[in-house]
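*Asks:* generate a structure from the sequence data that follows.
(chains A and B, ligands or ions: 4)
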Amino acid sequence: MANETKNRKGMMVTPELCIGCRACQVACKSWNQLPGTKTTNNGTYQNPPDLNSTAFNLIRYNEVPGQENPVRWLFVSRRCMHCEEAGCMTICPTGAIYRTADGAVAVNRDKCIGCKLCTNACPFDVPRYDAENKMTKCHQCSDRTAAGMLPACVKTCPTGALKYGDRDEMIKTAKSDGFKTIYGEQDLSGLGTVYAFKDEPKLYGMKENPTIPGSVVFWHTYLKPLSFIGLGGVVAAAAIHYLAIGPHKEKEEV
Amino acid sequence: MAEIVRKSSVDEILNHWILAGSCILLMITGFAFLFHMEAVASVFGGFNTMKEVHNWGGVVFTLSMLYSMRHYLKDAFEYDADDAQWFKVAGGYLSHKVKVPPMGKYNPGQKLYYLAVVGAGIAIALSGFAIWFMKDNGTIMLLAHLVHNVAFCIFVLAVPVHIYLGTLANPGTFKLMVSGTLPLEEAKRRYPKWMKAAGKM
Ligand code: HEM
Ligand code: SF4
Ligand code: SF4
Ligand code: SF4
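*Replies:* Residues are numbered from 1 along each chain as shown, chains lettered A, B, ... in the order given. Ligands and ions are numbered 1, 2, ... in the order given. Down below sits the predicted model:
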(Lines give C-alpha, C1' and ligand atoms only; values in the text may rest on other atoms or scores of the structure.)
(Ligands and ions follow the chains in the order given, each with its own letter.)
Protein backbone atom coordinates (compact mmCIF):
# COMPACT_ATOMS: atom_id res chain seq x y z
CA MET A 1 0.00 0.00 0.00
CA ALA A 2 2.71 2.39 0.95
CA ASN A 3 4.55 4.07 -1.80
CA GLU A 4 6.40 7.15 -0.70
CA THR A 5 5.41 10.12 -2.78
CA LYS A 6 8.55 11.93 -3.90
CA ASN A 7 8.91 15.49 -2.61
CA ARG A 8 5.70 15.01 -0.72
CA LYS A 9 3.98 18.22 0.27
CA GLY A 10 2.17 18.43 3.54
CA MET A 11 0.45 20.51 6.15
CA MET A 12 2.08 21.31 9.50
CA VAL A 13 -0.27 22.13 12.36
CA THR A 14 1.20 23.81 15.46
CA PRO A 15 -1.51 24.19 18.13
CA GLU A 16 0.84 26.23 20.35
CA LEU A 17 0.73 29.00 17.75
CA CYS A 18 -3.02 28.88 17.16
CA ILE A 19 -5.15 31.66 18.67
CA GLY A 20 -8.46 30.02 17.81
CA CYS A 21 -9.60 32.75 15.43
CA ARG A 22 -11.06 30.19 13.02
CA ALA A 23 -10.17 32.26 9.98
CA CYS A 24 -9.14 28.92 8.43
CA GLN A 25 -12.69 27.64 8.73
CA VAL A 26 -14.03 30.72 6.99
CA ALA A 27 -11.33 30.68 4.30
CA CYS A 28 -12.11 27.05 3.49
CA LYS A 29 -15.82 27.81 3.13
CA SER A 30 -15.05 30.82 1.02
CA TRP A 31 -12.68 29.08 -1.40
CA ASN A 32 -14.75 25.92 -1.70
CA GLN A 33 -18.05 27.85 -1.83
CA LEU A 34 -19.55 25.99 1.09
CA PRO A 35 -22.58 27.37 2.95
CA GLY A 36 -22.56 27.78 6.71
CA THR A 37 -24.49 25.36 8.88
CA LYS A 38 -26.80 26.32 11.71
CA THR A 39 -25.63 24.92 15.01
CA THR A 40 -26.63 25.36 18.65
CA ASN A 41 -24.45 26.39 21.57
CA ASN A 42 -23.40 23.28 23.42
CA GLY A 43 -21.14 24.91 25.98
CA THR A 44 -17.99 25.30 23.90
CA TYR A 45 -16.63 27.76 21.40
CA GLN A 46 -15.91 24.84 19.10
CA ASN A 47 -18.25 25.28 16.20
CA PRO A 48 -19.41 23.30 14.28
CA PRO A 49 -19.13 20.42 16.75
CA ASP A 50 -17.49 18.14 14.15
CA LEU A 51 -16.68 17.97 10.46
CA ASN A 52 -19.68 17.97 8.15
CA SER A 53 -20.29 18.02 4.44
CA THR A 54 -19.70 21.78 4.30
CA ALA A 55 -17.00 21.97 6.98
CA PHE A 56 -13.75 20.41 5.75
CA ASN A 57 -11.77 21.73 8.70
CA LEU A 58 -12.45 22.98 12.19
CA ILE A 59 -10.58 24.07 15.26
CA ARG A 60 -11.09 21.73 18.19
CA TYR A 61 -11.28 23.75 21.41
CA ASN A 62 -9.51 21.22 23.54
CA GLU A 63 -9.54 22.03 27.27
CA VAL A 64 -6.95 20.37 29.50
CA PRO A 65 -5.82 21.12 33.06
CA GLY A 66 -2.91 23.59 33.04
CA GLN A 67 -0.10 24.39 35.46
CA GLU A 68 -0.53 28.17 35.85
CA ASN A 69 -4.21 28.37 34.91
CA PRO A 70 -6.97 25.96 35.82
CA VAL A 71 -7.63 25.53 32.11
CA ARG A 72 -5.21 25.22 29.27
CA TRP A 73 -6.79 25.70 25.89
CA LEU A 74 -5.32 23.74 23.03
CA PHE A 75 -6.61 24.73 19.63
CA VAL A 76 -6.14 21.75 17.32
CA SER A 77 -7.05 21.87 13.65
CA ARG A 78 -9.06 18.81 12.58
CA ARG A 79 -9.22 17.87 8.90
CA CYS A 80 -8.30 15.05 6.53
CA MET A 81 -4.86 13.62 7.35
CA HIS A 82 -3.98 12.76 3.74
CA CYS A 83 -2.57 9.44 4.93
CA GLU A 84 0.11 7.71 2.89
CA GLU A 85 -1.77 4.47 3.58
CA ALA A 86 -5.25 5.87 3.11
CA GLY A 87 -8.03 3.50 4.18
CA CYS A 88 -10.59 5.55 2.25
CA MET A 89 -8.66 5.10 -0.98
CA THR A 90 -8.11 1.40 -0.38
CA ILE A 91 -11.79 0.57 0.10
CA CYS A 92 -13.36 2.87 -2.51
CA PRO A 93 -15.00 0.60 -5.13
CA THR A 94 -14.74 3.07 -8.00
CA GLY A 95 -11.34 4.69 -7.69
CA ALA A 96 -13.07 8.02 -7.04
CA ILE A 97 -10.48 8.76 -4.34
CA TYR A 98 -7.07 9.47 -5.79
CA ARG A 99 -3.68 10.83 -4.81
CA THR A 100 -2.47 14.08 -6.30
CA ALA A 101 1.09 14.58 -7.52
CA ASP A 102 1.84 16.41 -4.25
CA GLY A 103 0.67 13.47 -2.18
CA ALA A 104 -2.75 14.81 -1.13
CA VAL A 105 -5.83 12.58 -1.12
CA ALA A 106 -8.66 14.04 -3.18
CA VAL A 107 -12.00 12.81 -4.50
CA ASN A 108 -13.48 12.88 -7.99
CA ARG A 109 -17.13 13.79 -7.46
CA ASP A 110 -18.30 12.33 -10.76
CA LYS A 111 -16.98 8.88 -9.97
CA CYS A 112 -18.27 8.74 -6.39
CA ILE A 113 -21.32 6.47 -6.10
CA GLY A 114 -22.11 7.44 -2.51
CA CYS A 115 -21.66 3.93 -1.11
CA LYS A 116 -20.21 5.39 2.12
CA LEU A 117 -17.61 2.69 2.50
CA CYS A 118 -14.79 5.22 2.77
CA THR A 119 -15.90 6.74 6.05
CA ASN A 120 -15.79 3.31 7.66
CA ALA A 121 -12.28 2.59 6.45
CA CYS A 122 -10.93 5.99 7.54
CA PRO A 123 -9.09 5.80 10.87
CA PHE A 124 -10.00 9.43 11.56
CA ASP A 125 -13.71 9.47 10.65
CA VAL A 126 -13.19 12.19 8.06
CA PRO A 127 -15.35 11.57 4.93
CA ARG A 128 -18.77 13.21 4.96
CA TYR A 129 -21.54 13.15 2.35
CA ASP A 130 -23.41 16.03 0.77
CA ALA A 131 -27.07 16.21 -0.24
CA GLU A 132 -26.35 14.14 -3.36
CA ASN A 133 -24.52 11.52 -1.29
CA LYS A 134 -21.18 12.52 -2.78
CA MET A 135 -18.17 12.24 -0.50
CA THR A 136 -16.67 15.54 0.63
CA LYS A 137 -13.56 16.35 2.62
CA CYS A 138 -10.45 18.52 2.65
CA HIS A 139 -8.49 18.04 -0.57
CA GLN A 140 -5.52 20.07 0.66
CA CYS A 141 -6.69 22.71 -1.83
CA SER A 142 -5.26 20.64 -4.66
CA ASP A 143 -6.86 23.09 -7.13
CA ARG A 144 -4.91 25.98 -5.58
CA THR A 145 -1.60 24.19 -4.98
CA ALA A 146 -1.57 22.91 -8.56
CA ALA A 147 -1.53 26.58 -9.58
CA GLY A 148 1.26 27.41 -7.17
CA MET A 149 -0.96 28.98 -4.51
CA LEU A 150 -1.11 28.11 -0.83
CA PRO A 151 -4.15 26.27 0.53
CA ALA A 152 -6.82 28.83 1.47
CA CYS A 153 -6.72 27.99 5.18
CA VAL A 154 -2.91 28.30 5.29
CA LYS A 155 -2.93 31.52 3.31
CA THR A 156 -5.32 33.09 5.78
CA CYS A 157 -3.82 31.80 9.02
CA PRO A 158 -2.37 34.90 10.80
CA THR A 159 0.03 33.12 13.16
CA GLY A 160 1.69 30.31 11.24
CA ALA A 161 -0.24 27.65 13.15
CA LEU A 162 -1.01 26.20 9.73
CA LYS A 163 1.84 25.78 7.30
CA TYR A 164 2.08 24.13 3.91
CA GLY A 165 5.26 23.01 2.20
CA ASP A 166 7.76 20.22 1.79
CA ARG A 167 6.74 17.65 4.38
CA ASP A 168 10.23 16.47 5.35
CA GLU A 169 11.58 19.99 5.67
CA MET A 170 8.69 21.15 7.84
CA ILE A 171 9.20 18.17 10.14
CA LYS A 172 12.92 18.94 10.40
CA THR A 173 12.22 22.60 11.22
CA ALA A 174 9.61 21.72 13.85
CA LYS A 175 12.05 19.35 15.53
CA SER A 176 14.83 21.91 15.60
CA ASP A 177 12.33 24.42 17.01
CA GLY A 178 12.05 22.14 20.01
CA PHE A 179 8.76 20.34 19.44
CA LYS A 180 9.13 16.99 21.15
CA THR A 181 6.47 15.04 19.29
CA ILE A 182 5.68 15.11 15.62
CA TYR A 183 2.30 13.42 15.33
CA GLY A 184 1.86 11.60 12.05
CA GLU A 185 5.50 11.33 11.08
CA GLN A 186 5.32 7.52 10.95
CA ASP A 187 1.63 6.66 11.41
CA LEU A 188 0.09 4.92 8.40
CA SER A 189 3.45 5.28 6.64
CA GLY A 190 3.30 9.01 7.26
CA LEU A 191 0.39 11.41 7.38
CA GLY A 192 0.20 14.37 5.03
CA THR A 193 -1.15 16.49 7.88
CA VAL A 194 1.46 16.44 10.64
CA TYR A 195 1.30 18.07 14.05
CA ALA A 196 4.06 19.66 16.14
CA PHE A 197 3.32 19.00 19.82
CA LYS A 198 5.06 19.87 23.07
CA ASP A 199 3.26 17.15 25.01
CA GLU A 200 1.83 13.72 24.37
CA PRO A 201 -0.62 13.53 21.44
CA LYS A 202 -3.26 12.19 23.82
CA LEU A 203 -3.36 15.58 25.57
CA TYR A 204 -4.26 17.20 22.27
CA GLY A 205 -7.07 14.72 21.78
CA MET A 206 -5.31 12.85 18.99
CA LYS A 207 -5.94 9.21 18.18
CA GLU A 208 -2.99 7.07 19.24
CA ASN A 209 -1.75 4.45 16.77
CA PRO A 210 -4.36 5.04 14.08
CA THR A 211 -4.93 1.93 11.94
CA ILE A 212 -7.04 0.90 8.99
CA PRO A 213 -9.69 -1.63 10.13
CA GLY A 214 -8.31 -5.19 10.05
CA SER A 215 -11.10 -6.46 7.80
CA VAL A 216 -10.21 -3.88 5.17
CA VAL A 217 -6.53 -4.80 5.26
CA PHE A 218 -7.38 -8.53 5.07
CA TRP A 219 -9.72 -7.92 2.14
CA HIS A 220 -7.16 -5.82 0.32
CA THR A 221 -4.16 -8.12 0.84
CA TYR A 222 -5.85 -11.54 0.48
CA LEU A 223 -9.40 -11.51 -0.87
CA LYS A 224 -8.83 -9.16 -3.78
CA PRO A 225 -5.90 -11.15 -5.21
CA LEU A 226 -7.69 -14.44 -4.41
CA SER A 227 -10.71 -13.47 -6.47
CA PHE A 228 -8.53 -12.67 -9.46
CA ILE A 229 -5.96 -15.44 -9.22
CA GLY A 230 -8.72 -17.86 -8.20
CA LEU A 231 -10.70 -17.18 -11.36
CA GLY A 232 -7.61 -17.59 -13.55
CA GLY A 233 -6.62 -20.73 -11.67
CA VAL A 234 -9.97 -22.43 -12.05
CA VAL A 235 -10.22 -21.60 -15.74
CA ALA A 236 -6.68 -22.90 -16.27
CA ALA A 237 -7.47 -26.07 -14.29
CA ALA A 238 -10.52 -26.70 -16.47
CA ALA A 239 -8.46 -26.25 -19.64
CA ILE A 240 -5.75 -28.60 -18.38
CA HIS A 241 -8.37 -31.16 -17.38
CA TYR A 242 -9.94 -30.99 -20.81
CA LEU A 243 -6.62 -31.53 -22.55
CA ALA A 244 -4.97 -34.01 -20.17
CA ILE A 245 -7.90 -36.18 -19.08
CA GLY A 246 -10.61 -35.17 -21.45
CA PRO A 247 -14.38 -35.08 -21.28
CA HIS A 248 -16.61 -37.77 -19.93
CA LYS A 249 -17.20 -40.63 -22.42
CA GLU A 250 -20.54 -42.42 -22.45
CA LYS A 251 -19.19 -45.82 -23.50
CA GLU A 252 -16.89 -46.26 -20.56
CA GLU A 253 -19.76 -46.00 -18.15
CA VAL A 254 -21.16 -49.45 -17.40
CA MET B 1 -39.73 -43.73 -31.56
CA ALA B 2 -37.56 -43.76 -28.50
CA GLU B 3 -39.20 -42.66 -25.27
CA ILE B 4 -38.15 -39.24 -23.98
CA VAL B 5 -37.94 -38.26 -20.31
CA ARG B 6 -37.98 -34.75 -18.90
CA LYS B 7 -35.22 -33.91 -16.44
CA SER B 8 -35.70 -30.17 -16.04
CA SER B 9 -39.09 -28.50 -16.03
CA VAL B 10 -39.78 -25.39 -18.07
CA ASP B 11 -39.89 -23.07 -15.04
CA GLU B 12 -36.65 -24.63 -13.80
CA ILE B 13 -34.90 -23.88 -17.09
CA LEU B 14 -36.21 -20.33 -17.23
CA ASN B 15 -35.19 -19.68 -13.64
CA HIS B 16 -31.78 -21.25 -14.21
CA TRP B 17 -30.99 -18.74 -16.93
CA ILE B 18 -32.27 -15.82 -14.89
CA LEU B 19 -30.07 -16.99 -12.01
CA ALA B 20 -27.04 -17.56 -14.24
CA GLY B 21 -27.50 -14.31 -16.15
CA SER B 22 -27.89 -12.17 -13.05
CA CYS B 23 -25.00 -13.94 -11.33
CA ILE B 24 -22.64 -13.34 -14.23
CA LEU B 25 -23.78 -9.74 -14.52
CA LEU B 26 -23.09 -9.31 -10.81
CA MET B 27 -19.69 -10.96 -11.11
CA ILE B 28 -18.69 -8.72 -14.01
CA THR B 29 -19.86 -5.52 -12.31
CA GLY B 30 -18.44 -6.77 -9.00
CA PHE B 31 -15.03 -7.30 -10.58
CA ALA B 32 -15.28 -3.86 -12.15
CA PHE B 33 -15.83 -2.35 -8.68
CA LEU B 34 -13.10 -4.44 -7.12
CA PHE B 35 -10.45 -3.42 -9.63
CA HIS B 36 -11.83 0.01 -10.65
CA MET B 37 -12.25 -1.09 -14.27
CA GLU B 38 -13.17 2.12 -16.07
CA ALA B 39 -13.70 0.36 -19.39
CA VAL B 40 -16.26 -2.04 -17.94
CA ALA B 41 -17.97 0.78 -16.04
CA SER B 42 -18.32 2.82 -19.21
CA VAL B 43 -20.17 -0.07 -20.88
CA PHE B 44 -22.79 0.43 -18.17
CA GLY B 45 -22.69 4.20 -18.52
CA GLY B 46 -20.26 4.94 -15.70
CA PHE B 47 -19.85 3.84 -12.10
CA ASN B 48 -23.06 5.45 -10.88
CA THR B 49 -25.31 3.61 -13.32
CA MET B 50 -23.25 0.44 -12.90
CA LYS B 51 -24.06 0.61 -9.19
CA GLU B 52 -27.78 0.66 -10.05
CA VAL B 53 -27.30 -2.31 -12.39
CA HIS B 54 -25.39 -4.16 -9.69
CA ASN B 55 -27.91 -3.43 -6.94
CA TRP B 56 -30.99 -4.30 -8.98
CA GLY B 57 -29.21 -7.27 -10.52
CA GLY B 58 -28.75 -8.35 -6.92
CA VAL B 59 -32.50 -8.19 -6.35
CA VAL B 60 -33.15 -10.40 -9.40
CA PHE B 61 -30.41 -12.80 -8.30
CA THR B 62 -31.81 -13.05 -4.77
CA LEU B 63 -35.37 -13.77 -5.90
CA SER B 64 -34.18 -16.26 -8.50
CA MET B 65 -31.96 -18.02 -5.98
CA LEU B 66 -34.82 -18.34 -3.51
CA TYR B 67 -37.10 -19.70 -6.25
CA SER B 68 -34.48 -22.27 -7.28
CA MET B 69 -34.79 -23.90 -3.86
CA ARG B 70 -38.00 -25.60 -4.90
CA HIS B 71 -36.07 -27.38 -7.64
CA TYR B 72 -32.91 -28.47 -5.90
CA LEU B 73 -32.88 -27.94 -2.16
CA LYS B 74 -34.45 -31.26 -1.12
CA ASP B 75 -32.10 -33.36 -3.29
CA ALA B 76 -29.10 -31.31 -2.16
CA PHE B 77 -29.49 -32.51 1.42
CA GLU B 78 -29.74 -36.25 0.65
CA TYR B 79 -26.59 -38.35 0.42
CA ASP B 80 -26.12 -42.14 0.45
CA ALA B 81 -23.31 -44.72 0.32
CA ASP B 82 -22.99 -44.41 -3.47
CA ASP B 83 -22.40 -40.69 -3.02
CA ALA B 84 -19.56 -41.42 -0.59
CA GLN B 85 -18.08 -43.82 -3.11
CA TRP B 86 -18.48 -41.15 -5.82
CA PHE B 87 -16.12 -38.90 -3.87
CA LYS B 88 -13.59 -41.74 -3.51
CA VAL B 89 -13.34 -42.06 -7.29
CA ALA B 90 -13.56 -38.26 -7.72
CA GLY B 91 -16.67 -38.72 -9.80
CA GLY B 92 -14.59 -40.42 -12.46
CA TYR B 93 -13.19 -37.06 -13.51
CA LEU B 94 -9.56 -37.85 -12.77
CA SER B 95 -9.47 -41.15 -14.62
CA HIS B 96 -11.77 -42.79 -17.12
CA LYS B 97 -10.80 -46.24 -15.85
CA VAL B 98 -12.38 -46.15 -12.38
CA LYS B 99 -15.89 -47.46 -11.86
CA VAL B 100 -18.32 -44.70 -10.94
CA PRO B 101 -21.18 -45.86 -8.67
CA PRO B 102 -24.77 -45.53 -9.93
CA MET B 103 -26.20 -42.06 -9.45
CA GLY B 104 -29.62 -40.55 -8.79
CA LYS B 105 -30.91 -37.39 -10.44
CA TYR B 106 -27.88 -35.39 -9.25
CA ASN B 107 -24.40 -36.47 -8.24
CA PRO B 108 -23.02 -35.30 -4.88
CA GLY B 109 -20.73 -32.79 -6.57
CA GLN B 110 -23.74 -31.07 -8.06
CA LYS B 111 -25.57 -31.22 -4.75
CA LEU B 112 -22.66 -29.63 -2.90
CA TYR B 113 -22.34 -27.01 -5.62
CA TYR B 114 -25.96 -26.12 -5.07
CA LEU B 115 -25.44 -25.83 -1.32
CA ALA B 116 -22.43 -23.57 -1.96
CA VAL B 117 -24.52 -21.36 -4.25
CA VAL B 118 -27.30 -21.13 -1.68
CA GLY B 119 -24.91 -20.57 1.25
CA ALA B 120 -22.71 -18.03 -0.48
CA GLY B 121 -25.80 -16.64 -2.23
CA ILE B 122 -27.60 -15.90 1.02
CA ALA B 123 -24.39 -14.40 2.45
CA ILE B 124 -23.73 -12.22 -0.59
CA ALA B 125 -27.36 -11.13 -0.78
CA LEU B 126 -27.70 -10.20 2.90
CA SER B 127 -24.36 -8.38 2.91
CA GLY B 128 -25.18 -6.69 -0.39
CA PHE B 129 -28.44 -5.36 0.97
CA ALA B 130 -26.64 -4.24 4.12
CA ILE B 131 -24.10 -2.25 2.06
CA TRP B 132 -26.98 -0.81 0.09
CA PHE B 133 -29.32 0.13 2.91
CA MET B 134 -27.39 0.26 6.18
CA LYS B 135 -24.80 2.85 5.25
CA ASP B 136 -24.94 4.59 8.61
CA ASN B 137 -23.94 1.61 10.75
CA GLY B 138 -20.14 1.36 10.59
CA THR B 139 -19.83 -2.07 12.19
CA ILE B 140 -22.42 -3.62 9.90
CA MET B 141 -20.89 -1.93 6.84
CA LEU B 142 -17.42 -3.30 7.50
CA LEU B 143 -18.74 -6.77 8.32
CA ALA B 144 -20.96 -6.76 5.23
CA HIS B 145 -18.07 -5.62 3.06
CA LEU B 146 -15.97 -8.55 4.29
CA VAL B 147 -18.77 -11.13 3.95
CA HIS B 148 -19.68 -9.82 0.49
CA ASN B 149 -16.15 -10.34 -0.70
CA VAL B 150 -15.61 -13.76 0.94
CA ALA B 151 -18.82 -14.96 -0.71
CA PHE B 152 -17.67 -13.41 -3.99
CA CYS B 153 -14.50 -15.53 -3.86
CA ILE B 154 -16.63 -18.67 -3.42
CA PHE B 155 -18.65 -17.72 -6.51
CA VAL B 156 -15.57 -16.93 -8.53
CA LEU B 157 -14.15 -20.39 -7.78
CA ALA B 158 -17.36 -22.40 -8.04
CA VAL B 159 -19.18 -20.90 -11.01
CA PRO B 160 -16.51 -21.55 -13.69
CA VAL B 161 -16.19 -25.19 -12.55
CA HIS B 162 -19.96 -25.56 -12.85
CA ILE B 163 -19.95 -24.06 -16.33
CA TYR B 164 -17.11 -26.33 -17.45
CA LEU B 165 -18.77 -29.47 -16.06
CA GLY B 166 -22.10 -28.49 -17.58
CA THR B 167 -20.69 -28.00 -21.05
CA LEU B 168 -17.31 -29.23 -22.31
CA ALA B 169 -16.59 -31.84 -19.64
CA ASN B 170 -19.90 -33.67 -20.05
CA PRO B 171 -21.06 -33.61 -23.66
CA GLY B 172 -24.84 -33.73 -23.88
CA THR B 173 -25.47 -32.13 -20.50
CA PHE B 174 -26.02 -28.63 -21.81
CA LYS B 175 -29.25 -29.53 -23.60
CA LEU B 176 -30.75 -30.45 -20.21
CA MET B 177 -30.88 -26.72 -19.57
CA VAL B 178 -32.22 -25.94 -23.04
CA SER B 179 -34.86 -28.53 -23.90
CA GLY B 180 -34.82 -30.20 -20.50
CA THR B 181 -35.30 -33.67 -21.99
CA LEU B 182 -33.23 -36.71 -22.87
CA PRO B 183 -33.91 -40.19 -24.34
CA LEU B 184 -35.01 -42.78 -21.79
CA GLU B 185 -32.11 -45.08 -22.68
CA GLU B 186 -29.61 -42.32 -21.89
CA ALA B 187 -31.39 -41.45 -18.65
CA LYS B 188 -31.21 -45.11 -17.56
CA ARG B 189 -27.47 -45.16 -18.17
CA ARG B 190 -26.71 -41.87 -16.47
CA TYR B 191 -29.26 -41.67 -13.66
CA PRO B 192 -30.18 -45.31 -12.91
CA LYS B 193 -31.34 -44.67 -9.35
CA TRP B 194 -33.55 -41.78 -10.43
CA MET B 195 -35.10 -43.91 -13.18
CA LYS B 196 -35.65 -46.79 -10.75
CA ALA B 197 -37.39 -44.44 -8.31
CA ALA B 198 -39.55 -43.19 -11.19
CA GLY B 199 -40.51 -46.80 -12.01
CA LYS B 200 -38.96 -46.70 -15.48
CA MET B 201 -36.30 -49.29 -14.75
C1 HEM C 1 -27.73 -10.24 -4.02
C2 HEM C 1 -27.73 -8.98 -3.87
C3 HEM C 1 -26.53 -8.09 -4.00
C4 HEM C 1 -26.56 -6.80 -3.63
C5 HEM C 1 -27.76 -6.07 -3.06
C6 HEM C 1 -25.25 -6.26 -3.82
C7 HEM C 1 -24.87 -4.96 -3.51
C8 HEM C 1 -23.59 -4.47 -3.57
C9 HEM C 1 -23.21 -3.17 -3.17
C10 HEM C 1 -24.17 -2.12 -2.62
C11 HEM C 1 -21.87 -3.03 -3.39
C12 HEM C 1 -21.00 -1.83 -3.04
C13 HEM C 1 -20.82 -0.98 -4.22
C14 HEM C 1 -22.09 -0.32 -4.56
O15 HEM C 1 -22.55 0.55 -3.79
O16 HEM C 1 -22.63 -0.67 -5.59
C17 HEM C 1 -21.41 -4.24 -3.94
C18 HEM C 1 -20.12 -4.47 -4.33
C19 HEM C 1 -19.66 -5.65 -4.87
N20 HEM C 1 -20.44 -6.78 -5.15
FE21 HEM C 1 -22.42 -6.98 -4.74
N22 HEM C 1 -24.45 -7.19 -4.37
C23 HEM C 1 -25.19 -8.35 -4.51
C24 HEM C 1 -24.77 -9.54 -5.06
C25 HEM C 1 -23.49 -9.75 -5.55
C26 HEM C 1 -23.09 -10.95 -6.23
C27 HEM C 1 -23.99 -12.14 -6.53
C28 HEM C 1 -21.76 -10.79 -6.53
C29 HEM C 1 -20.85 -11.73 -7.23
C30 HEM C 1 -21.10 -12.97 -7.44
C31 HEM C 1 -21.33 -9.52 -6.01
C32 HEM C 1 -20.03 -9.01 -6.09
C33 HEM C 1 -19.62 -7.75 -5.65
C34 HEM C 1 -18.27 -7.25 -5.66
C35 HEM C 1 -17.02 -8.02 -6.08
C36 HEM C 1 -18.31 -5.92 -5.21
C37 HEM C 1 -17.12 -4.94 -5.12
C38 HEM C 1 -16.36 -5.09 -3.88
C39 HEM C 1 -16.91 -4.23 -2.80
O40 HEM C 1 -16.78 -3.03 -2.90
O41 HEM C 1 -17.47 -4.78 -1.84
N42 HEM C 1 -22.42 -8.90 -5.45
N43 HEM C 1 -22.47 -5.11 -4.04
S1 SF4 D 1 -7.73 10.85 7.04
FE2 SF4 D 1 -9.33 9.48 6.32
S3 SF4 D 1 -10.19 10.52 4.57
FE4 SF4 D 1 -8.20 11.49 4.95
S5 SF4 D 1 -6.74 10.33 3.67
FE6 SF4 D 1 -6.73 9.37 5.70
S7 SF4 D 1 -8.23 7.70 5.45
FE8 SF4 D 1 -8.62 9.13 3.78
S1 SF4 E 1 -18.66 7.07 -1.02
FE2 SF4 E 1 -17.68 7.69 -2.97
S3 SF4 E 1 -15.57 8.16 -2.42
FE4 SF4 E 1 -16.43 6.99 -0.70
S5 SF4 E 1 -15.91 4.84 -1.10
FE6 SF4 E 1 -17.93 5.18 -2.01
S7 SF4 E 1 -17.54 5.75 -4.12
FE8 SF4 E 1 -15.59 6.01 -3.03
S1 SF4 F 1 -6.56 22.81 2.59
FE2 SF4 F 1 -8.25 23.78 1.49
S3 SF4 F 1 -9.86 22.22 1.54
FE4 SF4 F 1 -8.39 21.67 3.13
S5 SF4 F 1 -9.14 22.64 5.00
FE6 SF4 F 1 -7.68 24.08 4.06
S7 SF4 F 1 -8.96 25.40 2.82
FE8 SF4 F 1 -10.20 23.62 3.28
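
*Asks:* make it CA atoms for all contacts and neighbour counts henceforth
*Replies:* OK.

*Asks:* tell me which parts of chain A are close to ligand 3?
*Replies:* A:92-94, A:96-97, A:112-118, A:134-135 (C-alpha under 6 Å from any ligand atom).

*Asks:* so which of those comes closest to residue B:100?
*Replies:* For residue B:100, the closest of the residues of chain A next to ligand 3 turns out to be residue A:93, at 45.8 Å, with distances computed as C-alpha to C-alpha.

*Asks:* contact partners for that closest one?
*Replies:* Counting by C-alpha atoms under 8 Å, 6 or more residues apart in numbering or on different chains, residue A:93 touches B:33, B:34, B:35, B:36.

*Asks:* sitting in helices, which of those residues do you find?
*Replies:* Using DSSP state H, the subset of the contacts of residue A:93 located in helices is B:33, B:34.

*Asks:* top of the contacts of residue A:93 by neighbour count?
*Replies:* Neighbour counts for those peak at residue B:33, which has 21 neighbours (criterion: other C-alpha atoms under 10 Å in any protein chain shown).

*Asks:* what's the distance between the residue lying closest to residue A:145 once chain neighbours are set aside and residue B:184?
*Replies:* Excluding the flanking residues, the one nearest residue A:145 by C-alpha to C-alpha, 6 or more residues apart in numbering or on different chains is residue A:151, at 6.4 Å. Using C-alpha to C-alpha, to the nearest Å, residue A:151 is found at 79 Å from residue B:184.

*Asks:* neighbour count: these two, which is higher?
*Replies:* Neighbours per residue, other C-alpha under 10 Å: of residue A:151 and residue B:184, the larger number sits with residue A:151, 23 against 17.

*Asks:* what's the helix or strand for the residue nearest to residue B:105 when sequence neighbours are not counted?
*Replies:* Leaving aside its chain neighbours, residue B:105 sits nearest to residue B:194 (5.1 Å; criterion: C-alpha to C-alpha, 6+ apart). Per DSSP states H and E, residue B:194 falls inside helix B:192-197.

*Asks:* distance from the chain centre to that helix, please.
*Replies:* On the basis of C-alpha atoms, centre = their mean, to the nearest Å, helix B:192-197 sits 24 Å off its chain's mean C-alpha point.

*Asks:* ok, and what's touching that helix?
*Replies:* Counting by C-alpha under 8 Å, 6+ apart, the neighbours of helix B:192-197 from elsewhere in the structure are B:102, B:103, B:104, B:105, B:187, B:188, B:201.

*Asks:* burial of residue 114, as a residue count?
*Replies:* No chain in the question, so chain A it is. As a burial measure, residue A:114 scores 19 neighbours (other C-alpha under 10 Å).

*Asks:* my bad, the chain I had in mind was chain B
*Replies:* Here the count is done by other C-alpha under 10 Å, and residue B:114 has 22 residues near it.

*Asks:* phi and psi next, for it.
*Replies:* Here is the backbone geometry of residue B:114 (degrees, to the nearest 10): phi -60, psi -40.

*Asks:* how about the nearest residue to it, chain neighbours excluded?
*Replies:* Closest residue in space to residue B:114, ignoring its immediate chain neighbours: residue B:76 at 6.7 Å, by C-alpha to C-alpha, 6+ apart.

*Asks:* count the neighbours of that neighbour for me.
*Replies:* Residues within reach of residue B:76, counting by other C-alpha under 10 Å, total 19.

*Asks:* what about the strands in chain B?
*Replies:* Listed in chain order, the strands found in chain B under DSSP state E are B:4-6, B:181-183.

*Asks:* please name the residues that touch whichever residue of chain A sits closest to chain B.
*Replies:* Scanning chain A for the residue nearest chain B gives residue A:247, at 4.2 Å (criterion: C-alpha to the nearest C-alpha). By C-alpha under 8 Å, 6+ apart, the contact set of residue A:247 is B:168, B:169, B:170, B:171.

*Asks:* quickly find the element holding it.
*Replies:* For residue A:247, there is no enclosing helix or strand under DSSP H and E.
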